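Novice: Predicted coordinates and the sequence they were generated for:
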Protein chains: 2
Amino acid sequence: MSKRTLIKDIFQNKPIGENLCVKGWLRSIRNSKNFSFMVLNDGSAQSTLQIVFDPNMSNYDEVSKLLIGSCVSVEGEVVESQGKGQSVEMQAKNIEILGSNDESYPLQKKATSLEFLREQAHLRPRTNLFGAIFRIRHHMAMATHQFFGDRGFYYLNSPILTAVDAEGAGEMFNVTTMDLGNIKKTDKGEVDFSKEYFGKQTSLCVTGQLEAECFAMGMGAVYTFGPTFRAENSNTPRHLSEFWMIEPEMAFMDLDGNAELAADYIKFLISYVFEKAPDEMQAISNYHKFQAKQNKEEFVDHIAVLEKVKNSKFEKITYTEAIDVLSTSGKKFDFKPEWGVELQTEHERFLAEEHFNGPVIVTDYPKDCKAFYMKQNDDGKTVRAMDVLVPGVGEIIGGSQREEDLGKLLKRIEEMGMDKEPLWWYIELRKFGTAEHSGFGLGFERAIRYITGMKNIRDVIPFARTPNNCDF
Amino acid sequence: MSKRTLIKDIFQNKPIGENLCVKGWLRSIRNSKNFSFMVLNDGSAQSTLQIVFDPNMSNYDEVSKLLIGSCVSVEGEVVESQGKGQSVEMQAKNIEILGSNDESYPLQKKATSLEFLREQAHLRPRTNLFGAIFRIRHHMAMATHQFFGDRGFYYLNSPILTAVDAEGAGEMFNVTTMDLGNIKKTDKGEVDFSKEYFGKQTSLCVTGQLEAECFAMGMGAVYTFGPTFRAENSNTPRHLSEFWMIEPEMAFMDLDGNAELAADYIKFLISYVFEKAPDEMQAISNYHKFQAKQNKEEFVDHIAVLEKVKNSKFEKITYTEAIDVLSTSGKKFDFKPEWGVELQTEHERFLAEEHFNGPVIVTDYPKDCKAFYMKQNDDGKTVRAMDVLVPGVGEIIGGSQREEDLGKLLKRIEEMGMDKEPLWWYIELRKFGTAEHSGFGLGFERAIRYITGMKNIRDVIPFARTPNNCDF
């Protein structure tokens, strides 16, 4: 048998007149008197290939009875399409059934809800919508490596298992090799962590930043791209217990350079996806349009929104100025904006969507809102933090210049009542050849949610982990 | 001040006569009567830049007393180097001290052992050797994305938290949100997993393969590249508790195609590193040469070994034939080779190093040596597994064709006494449009160890996690 050809390549090269072999899954099948048609997708592209087959085919009876989701191998000639929409189709000479399907297949043609499909996470990549989402996810990962690679950053795999609570926020998953039914205790009745696999208490990382700083202060510029974890009990469309994060960290970089890099990165992600996955973006846009119509909601074309951001200057405003804008806006918020308190999503969206009508970077937050490692401003009240806000989402990136002064860092750790011992190595970076450095973090799924316009973050990660949900 | 230029770019572009600014860390400093010299590295390249500075410089007293590891910013003119070895150097006009260093800095010029440097994992990326290793690691990651991307594979982030023991091997890390000092129990005195965050017992993944199969059976071809975990108590130079793995998975692919892809991937990794990081490879080779001399051992040039593998045909042999070769070799092994027992590293190395004198792929292992999901051969005894063995290391890749037949898979799960309930979704892939499919796994650190020739796997991962070691 001839080598398999990807459907992607057939649409790209249009090899009219060639005899080729394609393999994939049936999206639909239709039998008429003179000809039958099946529509095949192999996951290589958004496009499906129409296969025309003849009732005289030897195994026609079997083939014509195939159900949606069946897997077949088709040999045939690529011909110009007679129908509208598609440019080419295939005139089948031989169809081999690789795996048939039965009536219990959950993905029937009738529309299935996103919620139902979350329970079918092993099958949903076979759908039109999720094929698009996960190919876009792929392209955004590739865009990330290209963006940072082109700028001289080295990819760093920061550790997942850690003995440090880097954000000081708690809400970490514990990792143990003890039998939970038989926890080893000391004579005093306390958990005997010396009996653990690592000889101490360990957790899953919430960030790779601290380790990235170690590498930035030697290799110049690095970025992580790996999983991070939050054990917080947030059952919202914006939260995952396990999500991927991208964290660049650069030596010799201040907050302004950091903000510029963040803006360039977001624009690059959008441009890259527009270039590499226009069919996928269109398919998702069609989905949103259909949903809006079904729900009798106004359809906002998210591609147009992204197009605008791609060409925007990212405005900059300090937190103090932002509080001023919010307080005097006349807008009624659920939470009153007040200096010293974190901005709420409603505040962030007001700034990006109504006040600036475009992306905005808020800088210099009150130190009490932020982590211990941020560079302290001379005012004694604020730190060199930044949040990047975009219309439709709010915060998409958080970052800061890091405190590079040994004395100031130690003082802040003490002020916050943190234990400095587990951070000895992090502190030493300020002792041995310190330098100004900065970085930020982008939640990968939040970015995919933004670029696909999907409402629930569970729909942009292959297998979502959320409270009470660790299936598959 | 002028924008910073990377040392990498200075050696690449040789901008003789230009006034530029470089920033980095002192590798050495030397003062003579008329001129002083410092050697600077900024992590962007293996090369260091020599800075020549004049005793008439205003802050000469301070600068000339700087210690190794200090961080400086230098403005000056790029000139042709008078010394041997380097092509260009910089005539400093102004040197700013960003972060000085003190006598307690652990990385002094005198040779420091790898073991000591493991305890200084936050600083070792600043050394010549580890800069090389971690830049090579970066290039191998980029090579991986390019290799699979060019072949139409989509990048998949398989989940880290899981309720499934995919290899059935135990030795998994438990993940819990319970207070270990106060584990919730049922009335029967058993651990009450319903009180867990996920409502059930969960662990850290040992593989992403099962989830990759779900995606391959919809998107055609995917690959994972993420962390995996083993809680086994192996304190060896070959084992890590947390390591990164690359797992491609392809629909419509048999074991032969799988083996071909694996061989091409290894060759590609070698070629890519040779092309992108020749200076780093040379630096590591020099290190090995020096070590061999110190230890009065024979120096084996690992670059030459890799060069040979890069141009090799990967031989193929079945497990049964391999046992025959080993049994009749006349070689005395610690473990006697015997049909039905896993090959030991000594066997694997004999095959690759002595018998074939090159890479070899062993296929069709006894089913009892392998996991439940491998495709069963008609002989009833063996499965379509493969291990790729390379000289100097032994096994570097393990893979298989997967059992796509629903009945056979269910029977094997039963035979092995496994619980099929948690695998319902995996089993369904065989029910709804099944197809032959295959994949393999490459331990990323094993591959880096192989390509760098480093003896201990802890030296090729940024922060190693091993029994009793979860520092940083």
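Specialist: Yep, it's here. Numbers count the residues shown, from 1 in each chain, chains lettered A, B, ... in the order given.
Novice: Quick check: residues of the stretch 351-472 of chain A near chain B?
Specialist: With Cβ under 8 Å from any Cβ of the partner chain as the criterion, the stretch 351-472 of chain A meets chain B at residues A:404, A:425-426, A:428-436, A:461-463, A:465, A:467-472. For glycine as for every other residue, the C-beta is placed from the backbone atoms N, C-alpha and C.
Novice: Now the terminal residues of stretch A:197-206, how far apart.
Specialist: Start-to-end span of stretch A:197-206 (Cα to Cα, to the nearest Å) is 21 Å.
Novice: just stretch A:361-372 next, same as before
Specialist: Note: stretch A:361-372 ends 21 Å apart using Cα to Cα.
Novice: where do the strands sit along the stretch 151-300 of chain A?
Specialist: Applying DSSP state E, counting those that start in this stretch to the stretch 151-300 of chain A gives strands spanning A:154-156, A:161-162, A:174-176, A:202-204, A:221-229, A:242-251.
Novice: what's the offset of the fourth one from the middle of its chain?
Specialist: From the chain centre to the centre of strand A:202-204 is a distance of 23 Å (Cα atoms, centre = their mean, to the nearest Å).
Novice: For chain A, which segments are assigned as helices?
Specialist: For chain A, the helices defined by DSSP state H cover A:7-13, A:60-64, A:114-118, A:128-150, A:209-219, A:255-276, A:278-294, A:302-310, A:319-327, A:345-349, A:406-415, A:424-428, A:444-452.
Novice: Mind putting the ones you listed into TSV with mean neighbour count and mean pLDDT?
Specialist: Shown next, in TSV, are the helices of chain A (neighbours: other Cβ atoms under 10 Å in any protein chain shown; pLDDT from 0 to 100):
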stretch	mean neighbour count	mean pLDDT
helix A:7-13	17	96
helix A:60-64	15	96
helix A:114-118	15	96
helix A:128-150	21	98
helix A:209-219	27	98
helix A:255-276	20	98
helix A:278-294	16	97
helix A:302-310	17	94
helix A:319-327	18	97
helix A:345-349	20	94
helix A:406-415	15	97
helix A:424-428	18	97
helix A:444-452	24	97
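Novice: Indicate which one of those is closest to B:R126.
Specialist: Nearest to B:R126 among these is helix A:209-219 (3.8 Å), distances taken as Cβ to Cβ.
Novice: what separates the nearest residue to A:F134 once chain neighbours are set aside from A:P227, distance-wise?
Specialist: In space, and not counting its chain neighbours, A:F134 is closest to A:P125: 5.7 Å by Cβ to Cβ, 6 or more residues apart in numbering or on different chains. Per Cβ to Cβ, to the nearest Å, A:P125 is found 19 Å from A:P227.
Novice: got a pLDDT number for A:A166?
Specialist: Note on A:A166: pLDDT of 71.
Novice: Would you confirm that it contacts A:L210?
Specialist: Yes. With contacts counted by Cβ atoms under 8 Å, A:A166 reaches A:L210, the gap being 5.0 Å.
Novice: and the strands of the stretch 151-300 of chain A as a markdown table, adding distance to chain B, mean pLDDT and mean neighbour count?
Specialist: Shown next, in a markdown table, are the strands of the stretch 151-300 of chain A (distance: least, Cβ to the nearest Cβ, whole Å; pLDDT from 0 to 100; neighbours: other Cβ atoms under 10 Å in any protein chain shown):
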| stretch | distance to chain B | mean pLDDT | mean neighbour count |
| --- | --- | --- | --- |
| strand A:154-156 | 4 | 98 | 25 |
| strand A:161-162 | 5 | 97 | 23 |
| strand A:174-176 | 5 | 95 | 22 |
| strand A:202-204 | 5 | 96 | 23 |
| strand A:221-229 | 5 | 98 | 25 |
| strand A:242-251 | 5 | 98 | 25 |
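Novice: Could you verify my assumption that the residue nearest to A:F134 touches B:A216?
Specialist: No. Using Cβ under 8 Å, A:P125 is not in contact with B:A216, being 9.0 Å away.
Novice: In stretch A:462-472, which residues are buried?
Specialist: For stretch A:462-472, burial by neighbour count (16 or more other Cβ atoms under 10 Å in any protein chain shown) applies to A:462-467, A:469-472.
Novice: quick one: which two of these are the most distant?
Specialist: Greatest spacing in the buried residues of stretch A:462-472, by Cβ to Cβ: A:P462 and A:P467 (18.5 Å).
Novice: circling back: show me what contacts the residue nearest to A:F134?
Specialist: A:43, A:131, A:134, A:462, B:214-215, B:218-219 (Cβ atoms under 8 Å, 6 or more residues apart in numbering or on different chains).
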